[in-house]
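Novice: kindly generate the corresponding structure for this input.
(chains A, B, C and D)
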Number of protein chains: 2
Amino acid sequence: MEPLQSAFRALADPTRRGILTLLAQSEMTIGEVTEAFPMTRAAVKKHLTILEEGRLIEVEPRGRERVNRLRPGALKPVSDWITQLDAAWDDRLADLKSAIERDLQ
Amino acid sequence: MEPLQSAFRALADPTRRGILTLLAQSEMTIGEVTEAFPMTRAAVKKHLTILEEGRLIEVEPRGRERVNRLRPGALKPVSDWITQLDAAWDDRLADLKSAIERDLQ
DNA sequence: CTTTTGCGATACCTTTTGGTATCATGTAAA
DNA sequence: TTTACATGATACCAAAAGGTATCGCAAAAG
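Specialist: Sure thing, here's the model as predicted:
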């Protein structure tokens, strides 16, 4: 999937945002993440897969465990998109403003 | 729905992000928005409703038309959430760094 | 070696999502 | 007033999402 889309998709679910908040405190195994949510390990695993597809986290196999970790700079594309939209919006407001000033003369 | 959730949900669909990009250029009626996408007016209207629920746009009835417009500051809660996550992540990295430096002594 | 434990994968179910088609309604225009 | 037209609303459909239960496997512990 398109990178930006998979990132936005990953962020759309409250459980997944909760997982990201958790992982911001400390890297964790799937089992540890599961303890923080009222659902089965299989469900949490699915969320982690979607977060991985969105390149928001990375997973490091460690023996029979798998450690999940926030990816540095993972949210950059998302915040860039937002910034760009804001900028376009501001530009338009500025255009409106100058057009009005021109009309007033 | 929770405001942050409805905003993230609204952003999760590529068509809706496309609509936001469109509206950043100019406010538009539903019919005008529809011309830009390969789907029916009813489908576009649903997307606009979800964008409105996410408080990302506002709608002003004008005669028999309805003008859709980007809401100023609409994306603030979203970018704030991202900023906060980034900050928590940076803090943790800083903690790790100082812990390592302490261990080396 | 045997047992436990942490995980992956799959089948299955229900709800939500994204779309269409269709009809009703209010406003503008002739 | 009659006719057009932009929109609202609803019923309906297929696919995706979010969840459970269950099986199998490999690594760690005994």
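Novice: switch to C-alpha atoms for all contacts and neighbour counts from now on
Specialist: Will do.
Novice: separation between whichever residue of chain A sits closest to DNA strand C and A:Ile50?
Specialist: Distance from DNA strand C to each residue of chain A (Cα to the nearest atom of the strand) is smallest for A:Gly31, at 3.4 Å. For A:Gly31, the distance to A:Ile50 equals 17 Å [Cα to Cα, to the nearest Å].
Novice: so for the two, which sits in the more crowded spot?
Specialist: A:Ile50 (19 against 16; other Cα atoms under 10 Å in any protein chain shown).
Novice: who in chain A is up against chain B?
Specialist: Residues of chain A found near chain B (Cα under 8 Å from any Cα of the partner chain) are A:5, A:8-9, A:11-14, A:20-21, A:24-26, A:70, A:75, A:79, A:82, A:85-86, A:88-89, A:92.
Novice: repeat that with 6 Å
Specialist: Taking Cα under 6 Å from any Cα of the partner chain as the contact definition, chain A meets chain B at A:Phe8, A:Arg9, A:Ala12, A:Ala24, A:Ala88, A:Trp89.
Novice: from those, which are also near DNA strand D?
Specialist: By Cα under 7 Å from any atom of the strand, the members of those lying near DNA strand D are A:Ala12.
Novice: Serialize the residues of chain A next to chain B to TSV and add fields for distance to A:Arg66 and pLDDT.
Specialist: Output for the residues of chain A next to chain B, formatted as TSV (distance: Cα to Cα, whole Å; pLDDT from 0 to 100):
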residue	distance to A:Arg66	pLDDT
A:Phe8	24	98
A:Arg9	23	98
A:Ala12	24	98
A:Ala24	17	96
A:Ala88	42	91
A:Trp89	43	87
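Novice: perfect, I'm done here.
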